[in-house]
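# Sequence and computational prediction follow.
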Amino acid sequence: MIALTVALLPATGVGAGPVAFGTSGGDAWAFEKKIDLTVSPAACDEVEVISPRGQASARPKSDRLSARVLLNEGANRISAQCRKAGIPQGAAIEQDWLVRLRDGPVARAGIRVAPGEILLDAGASEPAPGRNAPIERYAWRVRSGGDPLSGLPADTATVVLPPPGSDGEYFVTLRVTDSIGRSDESTIMFRVRGGRPEAIDPAREHAAWIDRAVIYGVEPRLFGPRGFADVTARLDALAGLGITTLWLTPVTAAPPGDFGYAVTDHFRLGEGLGDGAALHELIAQAHARGLRVILDFVANHLSEQHPYFADAAANDRASPYFEFFERAPDGTARHYFDWNNLENLNYGTPEVQRMMIEACARWVRDYDVDGFRVDAAWGPRQREPGFWPRWRAELKRIKPDLLLLAEASARDDYYDANGFDAAYDWTEKLGQWAWQDAFDGNGQIARRLRTALDETIRPAGPLIFRFLNNNDTGKRFIARHGAPLTRVAATMLLTLPGIPGLYSGDEVGAAFEPYRPTGPIAWDDIHGLRDWYARLIALRARHASLRSGEYRLLDVGSPEQILAYVRPATGDDPAMLVLLNFGSEAANISLTDKLPQEFLKHGWTDVLHQDQGGMTVGLPAYGVRILRARSGMPGGRRQ
């Protein structure tokens, strides 16, 4: 089917003679494409346009026409022919479009929970958007994990199940197949809590593993010359450290010498990291050790060396990709800051949105990744606020337990409400670490940290991704502040609400600076940090109170150097009192009138040092205490 309409188009032309295409052909990220034509009305009283899926003709009333053509997956040739009194005028012009989308049915698994039963329904599934064919077969299977579900029939659109007998999360995958053999899958997630099944809203809720996550940023080149293979070789060490999630810096194609953020192909691996088999092996071995793997995904921009931007730069409006890029009123491509080699994508163009969704879906489907850290997530939000919810809906349709982490401030409620499970511990200022002023200011670290925490930990707020180092924090924390202060800051990092993050080599005090040439990390633990991090991570894993969103600051004196906060009891796990000395002088803290009642009544144990004490606690210079009460405690503030 083709629809031809008169349109006001730019005076460009690709082709010679009485009819010309407005742009050249190229990649298409849609099954319906608007084709622009310029026409000589004196030479043509009719224009015929033919595509693989139909043809149509129209009588031009001006020198501009547009045709909406339907395309198939893969290669498509479009032709346009000028006619006068039914006689062809000159040769037909042709152009080729390559549709990069998968054409097949769309599986949509739905769930409804009723007393005593769980109803799974495939009724919202859709036939292929391109070459249409009816869905003929349905298959349901339990995804690995959880105790087995019974009663899954082989081929039906609706399944009724009894509730599972054990609490936990459950995943059921629907596979639909159409009459010409094309298939698609969708997975539904639900939980059983207190013996009762509950549907989970994938637009708002996340999987339980995310609340237990400890993320480790991996720059593969820092692990050795083999990239993925050298990361795989260190998985046992990372699992032994207690890490739960690996965050791989961009793995997609980029120019030589780049660190991956200047993307030249979102669908191909970059050079020097290893091939697809090596990445598959890394992810498979990580999963075998209970580790998740998320990818750093660059959604905001493309490299100026990307074929799309190179074509647009060379051909201006005659390029099929001219509108793929954000532009100033004069048509100049836009970028942020001094990133003049990184060209902002135009999220007002539906094909750009589809391309980026397909790119993420490709890594989920083909490599079974567990989520994405989205670079510069604030950029697409500024240009098209509705994109991220659409992106989330498609990815969570495929794998509902993905972690979607925004490089954007968690203080902005937009990200929590529009597609992301967590966001960065930034201030309202773009890219400013919330703890930067506290550590880089002139003393009074604890006092400044109290202010920063009051501003970020809010009732019912979003999950906050916290860190001391990442790919953008420049000089490493240990190089700026030394090992003693690093131990105190790491204790805070791993005992506050949110998702803690380490970066390549933090556990051995690596002092490289990102984006500067450096050799592989020397894994010698010269500062004795590895055991410190491992103990803290193990405590966080063992005690639910250290993972909860509940938190309350305490005033125990010496506000310039002592930071104290309570992590209230969670379930059967007693309350914790965290005492941190950010100063170079020892301190004695009297807890008589400061300690919560269950500490006063039942006493406490220092879970780091395995000692017990009374109402005075000694803190050496740069010392820490994590006191565990011997009973629970209600109340507190939720993150």
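Sure thing, it's come through. These numbers come from a predicted model, not from an experiment.

# now stretch 304-313, how far from the chain's geometric center?
Between the mean C-alpha location of stretch 304-313 and the chain-wide mean there is a distance of 25 Å, by C-alpha atoms, centre = their mean, to the nearest Å.

# ok, now stretch 436-450?
The gap between where stretch 436-450 is centred and where its chain is centred comes out at 30 Å by C-alpha atoms, centre = their mean.

# export that stretch as PDB, just CAs?
Once non-C-alpha atoms are left out, stretch 436-450 reads as follows in PDB (Å, rounded to 0.1, in the frame of the first residue of the first chain):
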ATOM      1  CA  GLN A 436      32.000  16.500  46.400                       C
ATOM      2  CA  ASP A 437      31.700  19.600  48.500                       C
ATOM      3  CA  ALA A 438      32.000  17.600  51.700                       C
ATOM      4  CA  PHE A 439      35.300  15.900  50.700                       C
ATOM      5  CA  ASP A 440      36.800  18.600  48.600                       C
ATOM      6  CA  GLY A 441      35.800  21.500  50.900                       C
ATOM      7  CA  ASN A 442      37.900  23.000  53.800                       C
ATOM      8  CA  GLY A 443      37.300  20.500  56.600                       C
ATOM      9  CA  GLN A 444      34.000  19.800  58.400                       C
ATOM     10  CA  ILE A 445      33.400  16.700  56.300                       C
ATOM     11  CA  ALA A 446      30.800  15.200  58.600                       C
ATOM     12  CA  ARG A 447      28.800  18.400  58.900                       C
ATOM     13  CA  ARG A 448      28.800  18.800  55.100                       C
ATOM     14  CA  LEU A 449      27.800  15.200  54.600                       C
ATOM     15  CA  ARG A 450      24.800  15.600  57.000                       C
END
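
# Buried residues in it, which are they?
Going by neighbour count (16 or more other C-beta atoms under 10 Å), the buried part of stretch 436-450 is Q436, A438, F439, Q444, I445, A446, R447, R448, L449, R450. Quick note: C-beta positions are derived from backbone N, CA and C, even for glycine.

# One more: stretch 220-233?
By neighbour count, with 16+ other C-beta under 10 Å as the criterion, the buried positions of stretch 220-233 are P220, R221, L222, F223, G224, R226, G227, F228, A229, D230, V231, T232.

# which SSE is F309 in?
Taking DSSP states H and E as the criterion, the element that holds F309 is helix 307-315.

# List of residues touching the helix or strand encompassing A393?
Assigning secondary structure by DSSP H and E places A393 in helix 387-398. The set of residues external to helix 387-398 that reach it, using C-beta atoms under 8 Å, 6 or more residues apart in numbering, is 107-108, 185-187, 202-203, 347, 353, 356-357, 360-361, 364-365, 372, 377, 380-381, 402, 404, 415, 418-420.

# Show only the entries of those found in strands.
Mapping the contacts of helix 387-398 onto strands (DSSP state E) picks out E185, S186, T187, F372, L404.

# where does the stretch 151-300 of the chain dip in pLDDT?
Counting by pLDDT under 70, the low-confidence segments of the stretch 151-300 of the chain come to 151.

# show me where it has helices.
Using DSSP state H, counting those that start in this stretch, the helices of the stretch 151-300 of the chain run over 208-211, 228-233, 235-241, 276-288.

# hang on, the earlier thing: just name the closest of the buried residues of stretch 436-450 to L539, please.
Distance from L539 was checked for each of the buried residues of stretch 436-450 by C-beta to C-beta. The minimum falls on L449, at 20.1 Å.

# Please identify the buried residues of stretch 111-129?
Neighbour-count burial for stretch 111-129, counted by 16+ other C-beta under 10 Å, picks out I111, V113, I118, L120, D121, A122, S125, P127, A128, P129.

# actually stretch 37-54, not the one I typed
Neighbour counts over stretch 37-54 (16+ other C-beta under 10 Å) mark L37, T38, V39, C44, E46, V47, E48, V49, I50, S51, P52, R53 as buried.

# Adding distance to G194 and pLDDT, write those out as TSV.
Output for those, formatted as TSV (distance: C-beta to C-beta, whole Å; pLDDT from 0 to 100):
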residue	distance to G194	pLDDT
L37	64	94
T38	68	93
V39	70	94
C44	73	93
E46	71	93
V47	68	94
E48	67	94
V49	62	95
I50	63	95
S51	57	94
P52	56	94
R53	54	93
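
# Give me the contacts around stretch 524-531.
For stretch 524-531, the external contacting residues (C-beta under 8 Å, 6+ apart) are L241, I478, A483, T486, R487, A490, D506, E507, V508, G509.

# pLDDT value on the last one, please?
Looking at G509, its pLDDT reads 97.

# which residue sits closest to it, ignoring its sequence neighbours?
Spatial nearest neighbour of G509, excluding adjacent residues (C-beta to C-beta, 6 or more residues apart in numbering): H527 at 4.0 Å.

# neighbours around the one you found, how many?
One way to gauge burial is a neighbour count; for H527, by other C-beta atoms under 10 Å, it gives 18.
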